[in-house]
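1. take a look and give me a structure for this.
(one chain, ligands or ions: 1)
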Amino acid sequence: MFYLKDADPELHQILMREVGRESATLELIASENFVSYPVLEMAGGVMTNKYAEGYPGKRYYGGCEHVDEAENLARDRAKKLFNAEYVNVQPHSGSQANMAALFTFIKTGDTIMGLDLAHGGHLTHGSPVNFSGKLFNVVSYQVDRETGRVNFDEVRKLAKEYKPKLIICGGSAYPRHIEFEDFKAVVDEIGAFLMADIAHPAGLVATGLHPSPMPYCDVVTTTTHKTLRGPRGGMIMMGKDRENTFGVVAPKSGRVKNMSELIDSMVMPGIQGGPLMHIIAAKAVAFGEALQPSFKDYTSQIVQNAQSLAEAFLNKDYHLVSGGTDTHVILIDLTNKEITGKAAEKALEKAGITVNKNMVPFDERSPFITSGIRIGTPAITTRGMKEDQMLIICDLIDQVISDPENDDVISNVISIVKELCDSFPLYDDLLN
Ligand code: DSN
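-> From the prediction side, this is the model:
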């Protein structure tokens, strides 16, 4: 049997450099995490070979008995985790999950409302450079300048004025719990659909540390690789399935189809072809891990770490959007620190700390520069770091941001980052 090292040393070295980077740096990108060896094994397994267009028991290809078992397990475990009656585990990504959900519930040209990207939303929630902004008429809502939280007076006013067919709640840089119940009150007043994108807090939702969208939302999308700590991918769920409201019937029987059938056929053949069966099977492995009691300990620690980090930054006179966090995300507004988000990201990267520059609400800088950085605790918590390490990490970040051009500071931070990473090893078996 050939292994990568012998067959393609060049790519093997690239892979080993990435293992080394992940292991030897502090990963603070809020949307990233480190999967377990079992998830990695399944994601790198032979199911990558299998074509399985269709769904378990109804495939267009033979030889699907084992991938059917894996997909059924993925769906059953996800249903249990999220208390959802319906799950589709095939979307290749969160963007494709959002595309399938939107195309199922509304038509191109319809009006949607989503959180402004610069206020913590996501590209697929109506950004003009994304399919969502090109194909739908978008009305973005924003957060309140003072509180940094969604402004429901504004959401209600816009909803009544523009009558969107669907409102999206959730985002990629919103440090607070998503207010599903408040959004539901608004959509009920105007007769719109409510879609939640829980890509970021999914692991917290699964363990009850964040409210569940299921009682309030018509459709819920997520990714599987952030706080949920699975392989990179997407998923669509509904708390309850129901007959579709668009009069779509099954061709032969004339039976009114359920929303679940419409979503399934929108994912495949509507948007995607062959599902990534190795990733679906790896999702099943990750969901199995997330069903263990230890996963709740893990997600509780993620939130405790984020809150400790937030408090430490506040004590050092950093301005946090919304004043803190309920989740794994902290959004630091650097406008009082004489450094841009871009410069902070670059200096921190040099010091072995990975974050991303991020727009802050009402940002006067462009998305390429930004006035903020986003920090998240899922990955460092996976390594086993706790509150004591959060204080050290805050101090390191502060040292770099306060003196980004000082090579002595950077060298000193690099050595402490190394000590921290050595004390909380990651993927040692892959390095040796
Ligand atoms: N790119 C992801 C994030 O960083 O939040 C969202 O898709």
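2. report the buried residues of the longest helix along the chain.
-> In the chain, assigned by DSSP state H, the helix with the most residues is helix 293-315. Across helix 293-315, burial judged by 16 or more other Cβ atoms under 10 Å covers 295-296, 298-299, 301-303, 305-313. The way it works is simple: take the backbone N, C-alpha and C, and place the C-beta from them, glycine included.
3. which strands or helices does it pack on?
-> On a contact count with 3 or more Cβ pairs under 8 Å, 6 or more residues apart in numbering; DSSP states H and E, helix 293-315 meets helix 202-206, strand 319-320, strand 329-333, helix 378-382, helix 387-402.
4. quick one: closest of the ones you listed to the ligand.
-> Nearest of those to the ligand, taken as Cβ to the nearest ligand atom: strand 329-333 at 8.8 Å.
5. that closest one pairs with which strands, and in what direction?
-> Strand pairing for strand 329-333, using DSSP bridges, gives strand 319-320 (antiparallel), strand 372-376 (antiparallel).
6. quick one: distance of the shortest one to the chain centre.
-> It refers to strand 319-320. Here the centre of strand 319-320 is set off from its chain's centre by 22 Å, with Cα atoms, centre = their mean, to the nearest Å.
7. just stretch 198-207 next, same as before
-> From the chain centre to the centre of stretch 198-207 is a distance of 8 Å (Cα atoms, centre = their mean).
8. for that stretch, which outside residues touch it?
-> For stretch 198-207, the external contacting residues (Cβ atoms under 8 Å, 6 or more residues apart in numbering) are 30-31, 81-82, 94, 122, 170-172, 174, 177-178, 210-213, 220-224, 226-229, 234, 290, 295-296, 298-300, 302-303, 327-329, 378.
9. what average pLDDT does it get?
-> The pLDDT scores in stretch 198-207 average 98.
10. out of the strands paired with strand 329-333, flag the one nearest the ligand.
-> Closest of these to the ligand is strand 372-376, at 7.6 Å (criterion: Cβ to the nearest ligand atom).
11. tilt between the closest one and helix 387-402?
-> In terms of direction (axes from the mean of the first three to the mean of the last three Cα atoms, to 10 degrees), strand 372-376 departs from helix 387-402 by 160 degrees.
12. can I get the CA coordinates of stretch 115-122 in PDB?
-> Coordinates of each C-alpha in stretch 115-122 appear next as PDB, following Å, rounded to 0.1, in the frame of the first residue of the first chain:
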ATOM      1  CA  LEU A 115     -28.500  40.700   9.800                       C
ATOM      2  CA  ASP A 116     -26.100  43.200   8.000                       C
ATOM      3  CA  LEU A 117     -22.800  41.500   7.400                       C
ATOM      4  CA  ALA A 118     -21.000  44.400   9.000                       C
ATOM      5  CA  HIS A 119     -23.200  43.900  12.100                       C
ATOM      6  CA  GLY A 120     -22.400  40.200  12.600                       C
ATOM      7  CA  GLY A 121     -24.500  38.600   9.800                       C
ATOM      8  CA  HIS A 122     -23.200  36.300   7.100                       C
END
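13. residues touching whichever residue of the stretch 251-400 of the chain sits closest to the ligand, list them.
-> Scanning the stretch 251-400 of the chain for proximity to the ligand using Cβ to the nearest ligand atom identifies residue 356 as nearest, at 6.7 Å. Applying Cβ under 8 Å, 6+ apart to residue 356 gives the contacts 29, 30, 345, 373, 374.
14. which positions in the stretch 151-300 of the chain make contact with the ligand?
-> Within the stretch 151-300 of the chain, the positions adjacent to the ligand are residue 172 by Cβ under 6 Å from any ligand atom.
15. confidence score at the residue in the stretch 151-300 of the chain positioned nearest to the ligand?
-> The ligand sits closest to residue 172 of the stretch 151-300 of the chain, with a gap of 3.4 Å, by Cβ to the nearest ligand atom. Residue 172 carries a pLDDT score of 97 in this model.
16. any regions of the protein where pLDDT drops low?
-> Along the chain, segments meeting pLDDT under 70 span 1-2.
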